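sequence and predicted structure, then a few things I'm wondering about:
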Amino acid sequence: MIPDRVSPTRQPATSAEDAAQLAPGIIVEVRDEEWLVTSVIRSVDGWKIKARGLTEYVRDSVATFYSAIDNIQVFDPTQVEVVPDSSPQYRHSRLWMETTLRNTPVPLYQEDLSVAPKMLADPLPYQLSAVRKALSEQNIRPRVLLADAVGLGKTLEIGMILAELIRRGRGDRILVVTPKSVLEQFQQEMWTRFSIPLVRLDSQGIQKVRQKLPASRNPFTFFPRVIVSIDTLKSPKYRAQLEKVNWDAVVIDEIHNATNAGTQNNQLARTLAPTTESLILASATPHNGDPESFKEILRLLDPTSVLPDGSIDVTAAKRLIIRRHRNSDEVAQVVGQRWAKREEPKNIIIDPSEQELDIAKELDETWISPEDSAPSKDHLFPWTLVKAFLSSPAALQETVASRLERAKDPQERAALEKLQGLANELTPETSEKYNALVNYLQEIGIKRNSPTRVVVFSERVATLKWLQENLTKHLKLKKGAVAIMHGDLSDVEQMELIDSFKREDSPIRVLVTGDVASEGVNLHTQCHHLVHYDIPWSLIRIQQRNGRIDRYGQEHSPEIVSLLLDTGEQAEGLGELRVLAKLIEREHTAHEILGDAASLMGKHSIGGEEEEIRRVLQGTRDFDAAVRTPEAVQAGAHALIKEQEQAENNNADTTLADIDDLLAMLNPKSDPDAGSSTTATHSEIGSLYTSEAGYLLDALAEAFADPRASKRGGGIELVEHRNDIVEFAPPADLQRRLDFLPQDYVEYRKVYDKLSLATSAERGNQLLQAARQGDSEKSWPTAVYLGPLSPATSWAADRALSSMSRREIPAITGNVDSPTVFLMGTLTNSRGQIVSCNFVTASRNEWGIISPDILLDPVAWLKSAGLSMDAINPGGTKVPEGVQALIAESVDAAQGQVALTKQSATAAAEARISQWQERAARWEEKREGAAHNSRAVKQGAPMIEAERKLIPDLEPDRTLVRPLLLIVPAN
């Protein structure tokens, strides 16, 4: 007989009374352990809570419980034990209050910034305004497209946005997706400047994680904050794993690479968007030529922004898109010396050698403009030969050889063999173009033992290898001084090259690179010279290349040079000189006026622009018709802005179908009559400490009897250097947290043995600069900046307060007239997010009635009450009789104050929801007249329905009032 299946033991469900009290910040007991609730989210049959362990067995563990399954017992916040603080200068109470203030998320829609201005990022007003826009309460969720032009610091803006999300309790789980060439660069910026640790899951990183995990474990659940290349993630295997993981924030860099329908990159973006609360997309060139692709970006951010007829809601676009450039008013007046202006482009006109001219004439007479039929039936192939010739002899030889392997037609083979013979005659010594490059490099100082560096771009890998070999020889450079980079290199090899080129002690003097380095890679740290050895037939590609050295932080005027072979009338059909010289000049003018060259041609794709320029070279298209002047684009934008303003004033629809028009409108310098504001206020959130170092050292002094003692002696070998450096040996509990830091940094700097922290921004910047100037083999600084999100301080505070019962609050003697309770009241929505936070003091007045006061500046009040850094603890603080009644009545009084806040917060939430519902209703109205199978309807409808389900969770739902401190008068 088969026994009945044994049912698993099930805990009794949480009582209705306890479930009603669940809120972030409250202490609960589950499974015989104590936990601090960090979020409360409505589930199908109750509540899902996330919590952090407090008792010894589960300390620092993160767990999820369900009220329908687990017996969650809530501790009554009024039933606290008041313990007099006997620590020197009330250190214990100061730590307790500071840590509580820091661990309480900033309200969801707080307009002022709290931590972004305190990072190692030299934040500029235009960057801070981008952060505020991303967090604006106008959005149901934080969703934004950072479309600033190349070089404005989108990575820094992303770091500040993520930092603010973390401070708001919305950044526990973060996924960053970038091109593989910028993976390490992005990771370093996030950690060294913002204390945001992202574990790199490149090809090697995933293998390391696999070794630690069971085969069935999803690698994306192991680390809470991850950075990974889009090339790694787009495989179906990883996409299936991603579908099962939710994130607080997802960042997709260079989003224009992930918007073409049906591609793996696009499927990845569509997989990630529904799984995240916040979505940050970034691209200097968000429009790739396909209007549907751009609309795809907007739909990912807000499905109501693209109407069923395919037009774009201009108001929504303004809310979702941030777009400025180097010469925008709000940028130009603040970047100053931190971004030297680009010099006029320099075109070096080269008279061809006899061998170069022979090839040019052969290409013109036989392939481009033959009197009879061309050797090839493929009308594009002759121009492939032209591009190869204009690149290098090696590229031409490679192209001809490859074609010969497939060519069957005798006429074509004969023409190819003749061209091959001519190409073989062209050597570095007989190439005037190559010699012009050598001469230019010598002029700017490229030689042994010279610090000067240059980036040389070419489209062909064969050219890169040819240049590396010959430049090393002809410039008499050491081995390794000329490096090449191209897409065939692994992600690790690419990142190592980029990291090396940034450092002052790098052996690389000439970086010869393909266009793999033209997107997102910062090459300006030690370099301000750039050469286009061959010129792309694309404004977008030229702009991307130039942006590698022409960006914020460039202190020397970028010098950009193009090499142009003048074949003259003898090979007029090639026409390169006239056309490409004008292309270079027009890109520069667009850079000055518009900040973006893509709108001149309106193709928004490199392939589309190349095809158009090919037609110009063929003589079938006029250059000025193909490439508009920046002045014409700007004039059109001015007219459009006025037209849209009139529509808004008349309450008419403000929609656009043309993406170019929309992007031109979003350009802040499009309208010369418009005023500009560079003000981006932020609030310096108060602290009981004058510095991060003070907080850290106080916590260590509280946690360890003698932090300077050896580990054997119960200390951590703490050393405070005079040069703003603090070092100590991480104990085992901190080492566990270090597992979630960038592992390359942890291993290279041996952080498990010694953690070094820079305690001032000045010192942090010095060490960051030193790491890039050659103090080490890698760009990780010897000491990382101790910022407000540093895991070192959060660990130290937790360690310092670990002996404190979670049902305990301290009491101090201070400047009050009667025993006073300091309380915190929070209001959360159904997603467990804090909507408002109030601080209240309560004491009995002369008639014995509890009198509550809301504090506008709780830190200032605490300092005035006696909790300042220079406080004196005389000892002998006595807890008055009847304190439990005082606390209970104070909590009741504070709840009345919080109830008033709930009314205003509910009204604000209802207004926000109403705005969304109006947009959704407008979308549905437009849907009636649209084709039901249109892409806008098929993709937009389910996305809108998914957002509709989120709406009820935005309303304020529950309050929590906690007593934190008792202050008694000295008498």
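Thanks, I have the structure now.

quick one: distance of the longest strand belonging to the chain to the chain centre.
Secondary structure of the chain per DSSP state E: the longest strand is strand 956-969. Its chain's average C-alpha position is 36 Å from that of strand 956-969, according to C-alpha atoms, centre = their mean, to the nearest Å.

show the average pLDDT along it.
Mean per-residue pLDDT for strand 956-969: 92.

buried set for it?
Residues of strand 956-969 classed as buried: 956-968 (neighbour count, 16 or more other C-beta atoms under 10 Å). For every residue, glycine as well, the C-beta is placed using N, CA and C.

can I get the residues you listed in JSON lines including distance to residue 71?
Listed next are the buried residues of strand 956-969 as JSON lines, based on distance: C-beta to C-beta, whole Å:
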{"residue": "956", "distance to residue 71": "27"}
{"residue": "957", "distance to residue 71": "22"}
{"residue": "958", "distance to residue 71": "20"}
{"residue": "959", "distance to residue 71": "23"}
{"residue": "960", "distance to residue 71": "20"}
{"residue": "961", "distance to residue 71": "24"}
{"residue": "962", "distance to residue 71": "22"}
{"residue": "963", "distance to residue 71": "26"}
{"residue": "964", "distance to residue 71": "27"}
{"residue": "965", "distance to residue 71": "31"}
{"residue": "966", "distance to residue 71": "32"}
{"residue": "967", "distance to residue 71": "37"}
{"residue": "968", "distance to residue 71": "38"}
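
from those residues, which two are the most distant?
Pairwise distances among those were taken by C-beta to C-beta; the largest, 35.3 Å, belongs to 957 and 968.

nearest spatial neighbour of residue 429, skipping sequence neighbours?
Leaving out its chain neighbours, the residue that sits closest to residue 429 by C-beta to C-beta, 6 or more residues apart in numbering is residue 435, at 8.0 Å.

check which helix or strand the one you found maps to.
helix 432-443 (DSSP states H and E).

can you give the distance from that helix to the centre of its chain?
39 Å.

got it, and stretch 39-51?
29 Å.

so in this protein, which helix runs the longest?
Assignment by DSSP state H gives helix 883-927 as the longest helix of the chain.

packing partners for it?
Judged by 3 or more C-beta pairs under 8 Å, 6 or more residues apart in numbering; DSSP states H and E, helix 883-927 is in contact with strand 820-829, strand 834-844, strand 850-855, helix 935-950, strand 956-969.

circling back to that earlier point, remind me what the next helix or strand along the chain from the helix holding residue 435 packs against, helices and strands.
The element immediately downstream of helix 432-443 (helix or strand, assigned by DSSP H and E) is strand 454-457. Contacts defined by 3+ C-beta pairs under 8 Å, 6+ apart place strand 454-457 against strand 510-513, strand 529-532.

and strand 454-457, which strands flank it?
Note on strand 454-457: by DSSP bridges, its sheet partners are strand 510-513 (parallel), strand 529-532 (parallel).

buried residues in the first one, which are they?
Neighbour-count burial for strand 510-513, with 16+ other C-beta under 10 Å as criterion, is recorded at 510-513.

with pLDDT and distance to residue 331 added, can I get those residues in JSON lines?
Output for the buried residues of strand 510-513, formatted as JSON lines (pLDDT from 0 to 100; distance: C-beta to C-beta, whole Å):
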{"residue": "510", "pLDDT": "95", "distance to residue 331": "31"}
{"residue": "511", "pLDDT": "95", "distance to residue 331": "28"}
{"residue": "512", "pLDDT": "95", "distance to residue 331": "32"}
{"residue": "513", "pLDDT": "93", "distance to residue 331": "27"}
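
now, which of the residues you listed sits nearest residue 358?
Nearest to residue 358 among the buried residues of strand 510-513, with distances taken as C-beta to C-beta, is residue 512, at 26.3 Å.

can you pull the contacts of the residue nearest the centre of the chain?
Geometric centre of the chain, nearest residue: residue 158, 3.2 Å, by C-alpha atoms, centre = their mean. Residue 158 is in contact with 146, 251, 253, 280, 282, counting by C-beta atoms under 8 Å, 6 or more residues apart in numbering.

go again using 10 Å as the cut-off
130-131, 134, 144, 146, 176, 186, 189-190, 194, 196, 249, 251, 253, 280, 282 (C-beta atoms under 10 Å, 6 or more residues apart in numbering).

ditto for residue 77
Contacts of residue 77 by C-beta under 10 Å, 6+ apart are 21, 23, 25-27, 807, 809, 823-824, 887-888, 891, 960-964.

how's the chain carved up into domains?
16-75, 122-334, 354-425, 431-565, 692-800, 808-969 (automatic domain parsing).

starting at the chain centroid, how far to the first one?
Put plainly, it is domain 16-75. 32 Å.

could you do the second one as well?
Distance of domain 122-334 from its chain centroid, counting by C-alpha atoms, centre = their mean, is 6 Å.

skipping its backbone neighbours, what lies nearest residue 320 in space?
residue 301 (4.9 Å).

burial count for the one you found?
Residue 301 has 23 neighbouring residues, counting by other C-beta atoms under 10 Å.

hmm, back to that, tabulate the helices and strands packed on helix 883-927 (JSON lines), appending distance to residue 743.
Below are the helices and strands packed on helix 883-927 laid out as JSON lines (distance: least, C-beta to C-beta, whole Å):
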{"stretch": "strand 820-829", "distance to residue 743": "35"}
{"stretch": "strand 834-844", "distance to residue 743": "33"}
{"stretch": "strand 850-855", "distance to residue 743": "43"}
{"stretch": "helix 935-950", "distance to residue 743": "35"}
{"stretch": "strand 956-969", "distance to residue 743": "38"}
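
how long is stretch 534-543 end to end?
14 Å (C-alpha to C-alpha, to the nearest Å).

average pLDDT across it?
The model assigns stretch 534-543 a mean pLDDT of 91.

any idea how far that stretch is from the middle of the chain?
26 Å.

kindly report the same for stretch 763-780.
With C-alpha atoms, centre = their mean, you get 22 Å for stretch 763-780.
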